[in-house]
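Q: mind folding the following:
(one chain, ligands or ions: 2)
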Amino acid sequence: MWDRLLTDCRVATMEPAAGNPLGIIEQGAVGIQDGRIVRAGKRTELAGYQAREVVPLGGAWVTPGLVDCHTHLIFGGNRADEHAMRRAGATYEQIAEAGGGIASTVKATNAAETNSLLASAAMRLDALMRGGVTTIEIKSGYALDVEGELRMLRCMAALAASEAVRISPTLLALHALPPEWRDRRTEYVALVVEQLLPAAADARLATAVDAFCEGVGFLPHEVERLFHAADNHGLRVKLHAEQLSNRGGARLAARFNALSADHLEHLDEAGVAAMADAGTVAVLLPGAFYALQETRKPPVQMLRDYGVPIAVATDCNPGTSPLLSPTLAMNLACTLFGLTPEEALAGMTINAARALGLEDEIGSIAPGKAADLAVWRVESLAELGYWIGHPGPERRIFAGQDS
Ligand code: DI6
Ligand code: FE
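A: Ligands and ions are numbered 1, 2, ... in the order given. Have a look, this model is predicted:
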């Protein structure tokens, strides 16, 4: 006997079939057992199965729970003051050079008690979860010393234990050079590569490693050292690449079989081709594009032409994307980057799962996968990327349970 049978619903399995890219099942039903999906199909096909609880959904849409595959959710303070400075004409780089930007969040993060860091992150997490998120990637990167970065990773483990959400922890090892290391770049990279990364890997606190490959961040040869170390410690890699300029980051990431390259506004054809060959997912972050009032868009058509899977994420962070709504990220991806509503939905489900290396576990409604689902009271799926900040699903099901 199954635990639950969701019935009288329309299901977007996100398992593509011929002529049915979203794997839609009209008049569908979904069987759940031990927190996993046992079967999805026509309600008539599933009618013969017994379930302890039958949940009629009155024609609502069921999708996989949303996957936010790129966030910097944990940080102290916020940067509303910079929002004002930017309105007065300052650029992100100018603010960073004047000691604001990431450096100011690092100060606030390191000054915060662990409990208050957790409380503020939980508040943001709650907003994203109410928006339909059932899996979230969180990056460290706002401590910039060994103990502090490990503390950020431990906060992720604590949130995973206390909240009804799956957390994919990423060590954002090379985010910004701390000012006190200004004249010792190489030594800082060595500290990260030789001490921080091995400590995080040994303690199993992170599953992937990331870096900010940019003029205001780290250069490709520095990122390469980090990626070699990640390989040696069995950690997957991801990269903030070609956000503000083209540094060849996407090609570098692809050479290391990266799970994803993220941002990509300045991505060129060589980068797209390399990503296609490596199966690296393109993670688009329209919240940062919007907040920075960028004008150069990622090459979406070229990504499509080369068959690079496209994901969409909030990039929730205090500096460039204070975005707390997954469906608003989908809307922005459609409106600003020209994704179709279907692409935006795939971008926050199956392709986001791929960007985390979790495509066997989550991201679509298929037998054996986690029963992480969202039930939407909408007429059509296009509404998810249509409302400018949809309030979220009517029900959010995590590991088979309403939460
Ligand atoms: N790229 C971003 O958009 C964020 N980090 C990064 O590497 C910005 C982080 C911040 O400004 O606090
Ligand atoms: Fe980011």
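
Q: could you use CA atoms for every contact and neighbour count after this?
A: OK.

Q: just the pLDDT for the residue in the stretch 151-300 of the chain positioned nearest to ligand 1.
A: Per C-alpha to the nearest ligand atom, Phe212 is where the stretch 151-300 of the chain lies closest to ligand 1, at 4.5 Å. Here, the pLDDT recorded for Phe212 equals 98.

Q: list the beta-bridge partners for it.
A: Judged by DSSP bridges, the bridge partners of Phe212 are His240.

Q: list the contacts for it?
A: Going by C-alpha atoms under 8 Å, 6 or more residues apart in numbering, Phe212 touches Leu172, Leu174, His175, Ala176, Phe218, Leu239, His240, Ala241.

Q: residues of the stretch 101-250 of the chain that sit close to ligand 1?
A: Within the stretch 101-250 of the chain, the residues that sit near ligand 1 (C-alpha under 6 Å from any ligand atom) are Gly101, Ile102, His175, Phe212, His240.

Q: among the contacts of Phe212, which one has the most neighbours?
A: Within those, most neighbours by other C-alpha atoms under 10 Å means Ala241, with 31 neighbours.

Q: once you drop chain neighbours, what's closest to that one?
A: Closest residue to Ala241 apart from its sequence neighbours, by C-alpha to C-alpha, 6 or more residues apart in numbering: Gly249 at 4.9 Å.

Q: for that neighbour, give me its contacts.
A: When contacts are taken as C-alpha under 8 Å, 6+ apart, Gly249 is in contact with Cys213, Pro220, Leu239, His240, Ala241, Glu242, Ala261, Gly271.

Q: please apply the same query to Met152.
A: For Met152, the contacting residues are Ile74, Ser140, Ala143, by C-alpha under 8 Å, 6+ apart.

Q: now do Ala366
A: Contacts here follow C-alpha under 8 Å, 6+ apart; on that basis Ala366 touches Thr13, Glu15, Ile37, Val38, Arg39, Ala40.

Q: is it correct that the second one is in contact with Pro21?
A: Yes - here Glu15 lies in contact with Pro21, judged by C-alpha atoms under 8 Å, at a distance of 7.3 Å.

Q: what about whichever residue of the chain sits closest to ligand 1, neighbour count?
A: When scored by C-alpha to the nearest ligand atom, the chain has Gly319 as its residue closest to ligand 1, at 3.7 Å. By the measure other C-alpha under 10 Å, the count of residues near Gly319 is 22.

Q: got a pLDDT number for it?
A: We note a pLDDT of 94 for Gly319 in this prediction.

Q: nearest residue to it other than its sequence neighbours?
A: Here the residue nearest Gly319, using C-alpha to C-alpha, 6+ apart, is Arg79, at 6.0 Å.

Q: quick one on the thing from earlier: ramachandran coordinates for the residue nearest to Ala241?
A: phi -60, psi -40 (degrees, to the nearest 10).

Q: which helix or strand contains Met275?
A: Assigned by DSSP states H and E, Met275 falls within helix 269-278.

Q: give the buried residues for that helix.
A: Across helix 269-278, burial judged by 16 or more other C-alpha atoms under 10 Å covers Gly271, Val272, Ala273, Ala274, Met275, Ala276, Ala278.

Q: go on, stretch 348-362?
A: Neighbour-count burial for stretch 348-362, counted by 16+ other C-alpha under 10 Å, picks out 348-357, 359, 361-362.

Q: which outside residues touch it?
A: Residues contacting stretch 348-362 (C-alpha under 8 Å, 6+ apart): 14, 64-69, 137, 168, 259-260, 280-283, 309-313, 326, 330, 346, 363-364, 368-370, 372.

Q: and stretch 297-307, how far out from the chain's middle?
A: 19 Å (C-alpha atoms, centre = their mean, to the nearest Å).

Q: can you show me the CA trace of the worst-scoring helix or strand of the chain on mean pLDDT as CSV?
A: Scoring the helices and strands of the chain by mean pLDDT, DSSP states H and E places helix 92-97 at the bottom, with a mean of 84. What follows is helix 92-97, C-alpha atoms only, in CSV (Å, rounded to 0.1, in the frame of the first residue of the first chain):
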residue,chain,number,x,y,z
TYR,A,92,29.4,47.7,-8.6
GLU,A,93,33.2,47.8,-9.2
GLN,A,94,33.6,51.4,-7.8
ILE,A,95,31.7,50.4,-4.6
ALA,A,96,33.9,47.3,-4.3
GLU,A,97,37.1,49.4,-4.7
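
Q: that one and ligand 1 in contact?
A: No - for helix 92-97, no contact with ligand 1 is found by C-alpha under 6 Å from any ligand atom; the gap never falls below 7.8 Å.

Q: got the buried residues for that helix?
A: Going by neighbour count (16+ other C-alpha under 10 Å), the buried part of helix 92-97 is Tyr92, Ile95.

Q: just checking, what packs against it?
A: The helices and strands touching helix 92-97, judged by 3 or more C-alpha pairs under 8 Å, 6 or more residues apart in numbering; DSSP states H and E, number zero.
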